[in-house]
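Q: My questions concern the predicted model and sequence given below.
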Amino acid sequence: MRFVTAPRRALTAGVLALVPLSLTIAVQPVAADRLQTPPAATEVPGNRPGLGLVFNDLEAATTDACDEMYELEGSDRCTHGPDRPPPGYTMAADVAPLAPEGEGGTTALAAVCSGDGTSGNRVQALYVHAPGNDRFAQYQSSLVQWVAGIDTIYNESARETGGTRNVRFVHDASCAPIVDDVEISSTALSSFSRMVSELEAQGYNRRDRKYIIFGDARVYCGIGEFAGDTRKTDANRSNSGPSFARVDASCWNSSTAAHELGHTLGAVNNNSPNSSGGGHCTDEWDVMCYSDSPNYPQMRTICADRAHDARLDCGHDDYYHTNPDPGSYLGRNWNVADSLFLIDGGDTAPPTTVPPTTSTTQPTTTATPTTAAPTTTTTRPTTTTSRPPTTTVPPTTVPPTTVPPTTAAPTTATTQPTTTVPPTTVAPTTVPPTTAAPTTTTTVPPTPEPCEGYARRVTGTLAEGDSQVQPGGWFYLARSGFHAACLDGPADANFDVKLQRWAGMRWVDVAAATGSGADETVTFNGRFGIYRYRVTAVSGSGAYTLGFKRP
């Protein structure tokens, strides 16, 4: 989606004194120990308010649930951290209200009706401000249009895979999304964690709610909770609330709001095919893709149309597909299109209104059945099938056909003598009952994924004699406790894996698996510190999967 530059990572004085030698994060074979020097013992960077990168009250993750992410202060709730502004936006200025006709040139503000508009799983929009700074009246119409534009992005993206998905908003009787006007303290508005605490204290704490916040501040561009749960089940942590996403006044638009809401719905998991390793993706153009921390990966343009920056999941193979192949990644892992907070095309269509779209959305051309020029619209309301007009065919008159009468030949009857045959008595035959052979149903268990069951899985490819560092050419911070890893490599190769710990000036091997094959396991009970894995192709070559768990 945006941001391809990789800032250098500063070290905290007094913990580690070395400066990174390189920030090349792409996984490449290495011949010596020349990878990046680890950061300080804390994983939380310093604030960069000019880019909306504010980490107030975020803590380094200490639970497996928030593996390699951040936690909201005093809780086990996870976030990937703040996002930088997209091109064309700056933290130095607020977004102006939309023109009265709306972002897409229409006054329609409705999304899609769903039941009574309030019960069940819902996405609820809030305008949140500090005391003495209530601009709700000035922005109310724009806020509703931005919220309705989120629905356009999710549904138009679903159409790319042959389905429909609408956001199940809290809405009024006319299907317009409701945006609550909420005041919190100035202190809470400066911190995502504290904002969440104050909003929950005001009753915005329902388990059947995802809250999309339009914060009247310039602290963040956007930030959202992100569970990082890959399980394909309704019990996935992304499939319940309360969870919060926030977009501040410097980045108010439908696309950024759809991005942050996407995190709360479970995008993008770090085991997905095009994962960035930080909750995003690398195959542009895509609402959820950009080069992010900690890896700052190289981006690739797969969906060349720049307008797809307002659509979900380029390729529909990472996080959003309405009907994925059962054997594909999304057929086996969490798929945002399965979210209980989206409508699967079965709810009541909205009245004759069209929700607006964002400025980057491509118009859809709808052809009329007449010879008039096609009408261009900016979104698609609930799909209806137009039947062609009925054509009346005049009856066809068939001239009568005269058939001459047929003269039948005379019939000669021959009388045969009748012979009387005495009845034959047949003895009854008793057929023993047949016992059907039981039918045996053979259930073929699904083929397990390599290193299935490990909290994190990464992949790579090695030529004979080469090594790679994982995860992603980087390292991770761990508490005291047990590390575990599984290596799954080519059947005809010999791959080894070593767990290494940073000893202040160099990496030290603390555990290793060096068997004769390519499938290895490592366990280690270690102290708090910075760790990484090194995979080496002793003989043979090919692709491998490394699964690992950290304390």
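A: Happy to help now that I have it.
Q: Please name the residues that touch Glu68.
A: Taking CB atoms under 8 Å, 6 or more residues apart in numbering, we find Glu68 in contact with Ala61, Asn270, Pro294, Arg456, Pro471, Tyr476. Every C-beta, even on glycine, is put in place using the N, C-alpha and C of the backbone.
Q: Buried ones among those?
A: By the neighbour-count criterion of 16 or more other CB atoms under 10 Å, those include these buried positions: Ala61, Asn270, Pro294, Arg456, Pro471, Tyr476.
Q: before we move on, the earlier item: tabulate the contacts of Glu68 in a markdown table, adding columns for pLDDT.
A: Compiled in a markdown table, the contacts of Glu68 are given as follows (pLDDT from 0 to 100):
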| residue | pLDDT |
| --- | --- |
| Ala61 | 78 |
| Asn270 | 92 |
| Pro294 | 82 |
| Arg456 | 88 |
| Pro471 | 89 |
| Tyr476 | 83 |
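Q: where does the stretch 401-550 of the chain dip in pLDDT?
A: Low-confidence regions of the stretch 401-550 of the chain, defined by pLDDT under 70, span residues 401-447, 504-505.
Q: For it, which segments count as helices?
A: Ranges of helices in the stretch 401-550 of the chain, per DSSP state H, counting those that start in this stretch: none exist.
Q: quick revisit: how about the buried ones among the contacts of Glu68 in JSON lines, adding distance to Ala158?
A: Conversion of the buried ones among the contacts of Glu68 to JSON lines gives the following (distance: CB to CB, whole Å):
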{"residue": "Ala61", "distance to Ala158": "32"}
{"residue": "Asn270", "distance to Ala158": "24"}
{"residue": "Pro294", "distance to Ala158": "32"}
{"residue": "Arg456", "distance to Ala158": "29"}
{"residue": "Pro471", "distance to Ala158": "32"}
{"residue": "Tyr476", "distance to Ala158": "35"}
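Q: Out of those residues, which is nearest to Phe341?
A: Nearest to Phe341 among those is Asn270, at 21.6 Å by CB to CB.
Q: which non-adjacent residue is nearest that closest one?
A: Spatially, and ignoring its direct neighbours in sequence, Asn270 is nearest to Gly277 (5.7 Å; CB to CB, 6 or more residues apart in numbering).
Q: which one of the buried ones among the contacts of Glu68 is nearest Ala173?
A: Ranked by distance to Ala173 (CB to CB), the buried ones among the contacts of Glu68 are led by Asn270 at 41.8 Å.
Q: Now do the contacts for that closest one.
A: By CB under 8 Å, 6+ apart, the neighbours of Asn270 are Glu68, Gly228, Gly277, Gly278, Gly279, Arg456.
Q: three-state assignment of it?
A: coil (DSSP: H, G, I helix; E, B strand; the rest coil).
Q: how far away is it from Glu452?
A: Taking CB to CB, to the nearest Å as the measure, Asn270 and Glu452 are separated by 16 Å.
Q: One more: Ser240?
A: Separation of Ser240 from Glu452 (CB to CB): 24 Å.
Q: One more: Gln145?
A: Remark: distance between Gln145 and Glu452 (CB to CB) = 45 Å.
Q: So between the two, which is more surrounded?
A: Gln145 (27 against 14; other CB atoms under 10 Å).
Q: isn't there a helix covering that one?
A: Yes - per three-state DSSP, Gln145 lies within a helix segment.
Q: Looking at it now. What's its pLDDT?
A: At Gln145 the predicted local confidence, pLDDT, stands at 93.
Q: From what I see, Pro471 and Gly277 are in contact.
A: Yes - at 6.9 Å, Pro471 and Gly277 qualify as touching, with contact defined as CB atoms under 8 Å.
Q: Is there a neighbour count for the nearest residue to Trp146 once chain neighbours are set aside? I'd like the number.
A: Across the structure, with CB to CB, 6+ apart as the measure, the residue nearest Trp146 apart from its sequence neighbours is Ser254 (5.0 Å). Look at Ser254: counted by other CB under 10 Å, it has 28 neighbours.
Q: any idea how far Thr118 is from Ser254?
A: Taking CB to CB as the criterion, Ser254 is separated from Thr118 by 23 Å.
Q: One more: Thr233?
A: Thr233 sits 26 Å away from Thr118, going by CB to CB.
Q: ok, those two, which is more surrounded?
A: Remark: of Thr233 and Thr118, Thr118 carries more neighbours, 12 against 9, as counted by other CB under 10 Å.
Q: Next up, the contacts around that one.
A: For Thr118, the contacting residues are Val170, by CB under 8 Å, 6+ apart.
Q: ok, how many other residues are close to the nearest residue to Ser190 once chain neighbours are set aside?
A: Distances taken as CB to CB, 6+ apart place Val219 nearest to Ser190, at 5.6 Å, with adjacent residues excluded. Neighbourhood size, Val219 [other CB under 10 Å]: 22.
Q: May I have the beta-bridge partners of Arg122?
A: Beta bridges link Arg122 to Arg209, judged by DSSP bridges.
Q: List the contacts of it.
A: For Arg122, the residues meeting the contact criterion (CB under 8 Å, 6+ apart) are Arg168, Phe169, Val170, Asp208, Arg209, Lys210, Phe341.
Q: Find the pair from the residues you listed with maximum spatial separation.
A: The most widely separated members of those are Phe169 and Asp208, with 12.9 Å between them, by CB to CB.
Q: who's more crowded, these two?
A: Higher neighbour count among Phe169 and Asp208: Phe169, with 29 against 15, using other CB under 10 Å.
Q: in the stretch 1-150 of the chain, which spans are helices?
A: Read by DSSP H, counting those that start in this stretch, the stretch 1-150 of the chain holds these helices, from start to end of the chain: 136-159.
Q: Serialize the contacts of Arg122 to JSON lines and add fields for pLDDT and distance to Val510.
A: Rendered in JSON lines, the data for those read as follows (pLDDT from 0 to 100; distance: CB to CB, whole Å):
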{"residue": "Arg168", "pLDDT": "96", "distance to Val510": "49"}
{"residue": "Phe169", "pLDDT": "97", "distance to Val510": "51"}
{"residue": "Val170", "pLDDT": "96", "distance to Val510": "52"}
{"residue": "Asp208", "pLDDT": "97", "distance to Val510": "46"}
{"residue": "Arg209", "pLDDT": "98", "distance to Val510": "45"}
{"residue": "Lys210", "pLDDT": "98", "distance to Val510": "42"}
{"residue": "Phe341", "pLDDT": "97", "distance to Val510": "43"}
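Q: Determine the longest strand present in the protein.
A: strand 529-539 (DSSP state E).
Q: What strands line up against that strand, and which way round?
A: strand 467-470 (antiparallel), strand 476-478 (antiparallel), strand 494-502 (antiparallel).
Q: Can you list the buried residues in it?
A: Along strand 529-539, the positions that meet the burial threshold by neighbour count (16+ other CB under 10 Å) are Gly529, Ile530, Tyr531, Arg532, Tyr533, Arg534, Val535, Thr536, Ala537, Val538.
Q: same thing with stretch 137-150?
A: Along stretch 137-150, these residues count as buried under the neighbour rule (16+ other CB under 10 Å): Tyr139, Ser141, Ser142, Leu143, Val144, Gln145, Trp146, Val147, Ala148, Gly149, Ile150.
Q: The last one against Asn253, yeah?
A: No - look at Ile150 against Asn253 with CB under 8 Å: they stay out of range, at 9.9 Å.
Q: Next, the distance between the ends of stretch 52-68.
A: In terms of CA to CA, to the nearest Å, the two terminal residues of stretch 52-68 are separated by 21 Å.
Q: for stretch 157-170, same thing?
A: Distances were taken as CA to CA; on that basis the terminal residues of stretch 157-170 are 21 Å apart.
Q: Show me what counts as buried in it.
A: When neighbours are counted by 16+ other CB under 10 Å, the buried residues of stretch 157-170 are found to be Ser157, Ala158, Glu160, Thr161, Thr164, Arg165, Asn166, Val167, Arg168, Phe169, Val170.
Q: how close does the fifth one sit to Gly327?
A: Taking CB to CB as the measure, Thr164 and Gly327 are separated by 24 Å.
Q: Spit out the contact partners of the closest residue to Gly215 other than its chain neighbours.
A: Excluding its sequence neighbours, the residue lying closest to Gly215 (CB to CB, 6+ apart) is Asp248, at 4.6 Å. Applying CB under 8 Å, 6+ apart, one finds that Asp248 lies in contact with Gly52, Phe214, Gly215, Asp216, Ala217, Arg218, Val219, Tyr220, Cys221, Gly222.
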